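Enquirer: Quick check, what structure comes out for this input:
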Amino acid sequence: MRQIIEVPDRYRIVELVAEGGMGAVYRAQKLGAAGFEKTVAIKTLLPKFSRDPAFVDGFIGEAKLVANLIHENIVQIYNLERWGEGYFFVLEFVDGISLYDFIEFHRRIGRMLPLNLAVFITARVARGLAYAHSRRSADSGEALGIVHCDVCPHNILINSEGVPKITDFGIARVTNRAPGGKVAGKLAFVAPEQARGETVDFRADLYSLGIVLAYLITGRMLRNIKLPVTEILENAKRNVLERGILPADLPPEMKTILERLLATDPADRYSDTSALARDLEYFIYKEGYGPTIVTLANYMKELMPGRFGAGSHGPEVVDEFDRTVVLDRTAILDAKAQNGK
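Expert: A predicted model of the protein is given here:
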């Protein structure tokens with residue numbers, strides 16, 4: 001697959017990275033003068049969705065929303081292009097692994113991710129979210145109120161340098177532009193108010209990040225996802241969680257952080273995402289030197305030398321979180337499309 005796309009920039013498609021129910025992601029080379037090449041990712045909609053104005057509007061909206069989110073812990077979008085009858089956008093290519101694949105690999109070999117690295121990854125994601133949550137309009141200075149709405153292991157990538165990055169703002173909302181309306185998200189991670197189809201703010205992302213943190217700590221889901229979809233949705237609405245899977249020896253301060261993140265009432269969660277990031281960072285650095293991106297990168301190389309060594313892409317994994325609650329047709333999401341983005 002060496003197709004050349006000219007729009008007017010030139011891109012050479014190298015390989016398919018991921019394909020799901022809605023779209024596909026490719027690794028590509030942006031071609032420039034004098035043999036210049038830059039590795040990028042290209043995200044497309046499948047043809048059947050490219051003909052639906054609602055899906056096209058959502059796709060374009062994601063590109064516009066993330067265009068000015070420039071942070072090391074957010075996958076950057078470079079450009080939105082039109083090719084033939086459809087659109088695609090060009091984004092940062094993350095040479096690494098999704099958090100889902102990372103934890104699934106631990107599960108398969110019967111090993112737990114060290115607590116300090118679980119907290120480090122969560123803290124870096126919290127910093128990326130804090131940046132997004134705090135963005136203001138360039139025109140009015142008014143807070144945009146960006147909410148990712150789909151914080152989960154599929155949408156968190158770790159590059160080969162050990163930098164966690166959150167991606168896929170495909171169902172994100174800007175609350176000062178869309179104060180109402182229903183949203184979608186993966187049933188395993190949605191906040192209670194999100195599952196109920198209520199208006200959400202950044203605190204819904206904090207709840208989802210709390211589920212992710214517990215997943216990193218335990219390798220298991222706090223929400224039982226083996227039930228019928230209707231029961232999972234009802235449990236999400238009522239905030240039914242299997243808290244007994246948390247380790248008995250989990251430090252009290254970490255239990256406190258999780259309790260705040262997973263509170264049923266958003267008012268009982270953190271009132272600022274930066275405050276969460278500070279608490280997580282204090283936990284791992286309070287006694288002095290703690291984990292860094294180098295620590296995480298070295299750990300991944302030791303754990304998965306084939307994945308981060310001589311060209312192997314590691315084991316295939318089976319996606320357990322492919323159940324998605326759909327409460328708005330413009331926010332339909334196939335969880336399998338998220339792996340490897």
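
Enquirer: residues in contact with the closest residue to Lys237 other than its chain neighbours?
Expert: Excluding the flanking residues, the one nearest Lys237 by Cβ to Cβ, 6 or more residues apart in numbering is Ala195, at 4.6 Å. Every residue, glycine included, has its C-beta placed from N, CA and C. Applying Cβ atoms under 8 Å, 6 or more residues apart in numbering, we find Ala195 in contact with 187, 233, 236-237, 325.

Enquirer: what do you get for Ala267?
Expert: Counting by Cβ under 8 Å, 6+ apart, Ala267 has no contacts.

Enquirer: distance of it from Ala126?
Expert: 19 Å (Cβ to Cβ, to the nearest Å).

Enquirer: Could you chop this protein up by domain?
Expert: 4-92, 96-338 (automatic domain parsing).

Enquirer: Tabulate those in JSON lines, adding columns for mean pLDDT.
Expert: Shown next, in JSON lines, are the domains of the chain (pLDDT from 0 to 100):
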{"stretch": "domain 4-92", "mean pLDDT": "83"}
{"stretch": "domain 96-338", "mean pLDDT": "84"}
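
Enquirer: Please identify the most buried of those domains.
Expert: Mean neighbours per residue, mean count of other Cβ atoms under 10 Å, is largest over the domains of the chain for domain 96-338, with a mean of 18.

Enquirer: Find out how far that one is from the centre of the chain, if you would.
Expert: 7 Å (Cα atoms, centre = their mean, to the nearest Å).

Enquirer: which residues of the stretch 1-150 of the chain fall in helices?
Expert: For the stretch 1-150 of the chain, helices defined by DSSP state H, counting those that start in this stretch occupy the ranges 47-50, 53-66, 99-109, 115-133.

Enquirer: how about these, which one is nearest Phe93?
Expert: Proximity to Phe93 (Cβ to Cβ) singles out helix 53-66 among those, at 15.1 Å.

Enquirer: gap between the residue nearest in space to the middle of the chain and Ile245?
Expert: Centroid-nearest residue in the chain, with Cα atoms, centre = their mean: Asn155, separated by 2.4 Å. For Asn155, the distance to Ile245 equals 23 Å [Cβ to Cβ].

Enquirer: do the same with Asp57
Expert: Counting by Cβ to Cβ, the gap from Asp57 to Ile245 is 40 Å.

Enquirer: try Ala33
Expert: Counting by Cβ to Cβ - Ala33 and Ile245 are separated by 56 Å.

Enquirer: for Arg238, same thing?
Expert: Taking Cβ to Cβ, one finds Arg238 at 18 Å from Ile245.

Enquirer: In the stretch 151-300 of the chain, mark out all the helices, start to finish.
Expert: 192-195, 202-218, 229-238, 252-261, 273-285, 293-303.

Enquirer: looking at the ones you listed, which is closest to His106?
Expert: Using Cβ to Cβ, those put helix 293-303 closest to His106, at 7.9 Å.

Enquirer: Outside of that closest one itself, list whatever touches it.
Expert: By Cβ under 8 Å, 6+ apart, helix 293-303 touches 97, 102, 105-106, 111, 114, 117, 120-121, 158, 160-164, 307-309.

Enquirer: same question, stretch 206-215
Expert: In contact with stretch 206-215 (Cβ under 8 Å, 6+ apart) are residues 99, 103, 118-119, 122, 125-126, 129, 148, 150-153, 156, 185, 188-192, 194, 221-223, 245-246, 257-258, 261-263, 266, 269-270, 273, 276.

Enquirer: residues in contact with the closest residue to Thr218 other than its chain neighbours?
Expert: Closest residue to Thr218 apart from its sequence neighbours, by Cβ to Cβ, 6+ apart: Ile245 at 5.2 Å. Listed by Cβ under 8 Å, 6+ apart, the contact partners of Ile245 are 214, 218, 220, 222.
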